[in-house]
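> Sequence first, predicted coordinates after that:
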Amino acid sequence: MAGLIAQAAIYTMKDNAISFSTDNVRVQKILGGGIFDSEVVHGMVVTRGSMTSVRHCTDCKVAVFNTNIEMQQGETKGTVLLQNAEDLLNYTRGEEEAFENFVKGLAEAGIKVVVGSGSMSELAQHYFEKYQIYAVKIMSKWELKRIARAVGATPIVKLVTPSPDELGFANEVSFREISS
């Protein structure tokens, strides 16, 4: 283990050893392996896979959202009277179109990876799938901060298309199953 730790520490050090941060070296336990299966990963390991069928992308712009990724809900409760089936179909159509336009804007900005904290609605997953975006749901705010720092992104608290300086970049994002 000492050799792996030294290798990881040397990799994370910048040009001088004074700027070394111990937070840049992490240990991720994965079931199904032994000590000899351990390896140093140049990047970051997340134990969750993509919420879409996209499993690999290269040269990725990354958007990090520090909020739930779902349609905005109204702040007040009310009663809606639906008189026929068409009323029911049209009830959420405008909100769904607005959410699709949001995801389409992400795709048009060249964003291939979206990282969100908290919940990710099925509608969001559907549109990410439609526009072939790798979507990851992170439950830990500390892990979300580490991801943002690793890719150079600014976590965004509103569902808007990020500006180019708020986006991060990753050479490669991929899903690899190590054990079931």
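Cool, got the structure. Numbers count the residues shown, from 1 in each chain.
> Thought residue 28 was touching residue 45, still the case?
Yes: with contact defined as CB atoms under 8 Å, residue 45 and residue 28 form a contacting pair (4.5 Å). Any C-beta I mention is one placed from the backbone N, CA and C, and that applies to glycine too.
> what's the spacing between stretch 92-110 and its chain's center?
When C-alpha coordinates are averaged (CA atoms, centre = their mean, to the nearest Å), stretch 92-110 and its chain have centres 17 Å apart.
> Send me it as CSV with only the CA atoms.
Output of stretch 92-110 as CSV, limited to C-alpha atoms (Å, rounded to 0.1, in the frame of the first residue of the first chain):
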residue,chain,number,x,y,z
THR,A,92,-47.8,20.0,-17.9
ARG,A,93,-46.9,20.4,-21.5
GLY,A,94,-45.5,24.0,-21.1
GLU,A,95,-43.3,23.0,-18.2
GLU,A,96,-42.0,19.9,-20.0
GLU,A,97,-41.2,22.0,-23.1
ALA,A,98,-39.3,24.5,-20.9
PHE,A,99,-37.3,21.7,-19.3
GLU,A,100,-36.5,20.2,-22.7
ASN,A,101,-35.3,23.6,-23.9
PHE,A,102,-33.0,23.7,-20.8
VAL,A,103,-31.5,20.3,-21.6
LYS,A,104,-31.3,21.2,-25.3
GLY,A,105,-29.4,24.4,-24.4
LEU,A,106,-26.9,22.3,-22.4
ALA,A,107,-26.4,20.0,-25.5
GLU,A,108,-26.0,23.0,-27.8
ALA,A,109,-23.4,24.5,-25.4
GLY,A,110,-21.4,21.3,-26.0
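> Return the set of buried residues in that stretch.
Neighbour-count burial for stretch 92-110 flags 99, 102-103, 106-107 (criterion: 16 or more other CB atoms under 10 Å).
> Average pLDDT for it, rounded please.
Stretch 92-110 shows a mean pLDDT of 88.
> again, but for stretch 148-156
For stretch 148-156, mean pLDDT is 93.
> Now that stretch: buried residues?
Of the residues in stretch 148-156, 148-149, 151, 153, 155-156 count as buried by neighbour count, 16+ other CB under 10 Å.
> Report the two of these separated the most.
149 and 156 (14.6 Å; CB to CB).
> Mark out where each domain of this structure begins and ends.
Domain assignment for the chain by automatic domain parsing gives 1-42, 48-174.
> hang on, isn't residue 133 packed against residue 112?
Yes: between residue 133 and residue 112 a contact is recorded at 6.3 Å, counting by CB under 8 Å.
> Show me which of the two is the more surrounded one.
More crowded of residue 133 and residue 112, by other CB atoms under 10 Å: residue 133, with 24 against 20.
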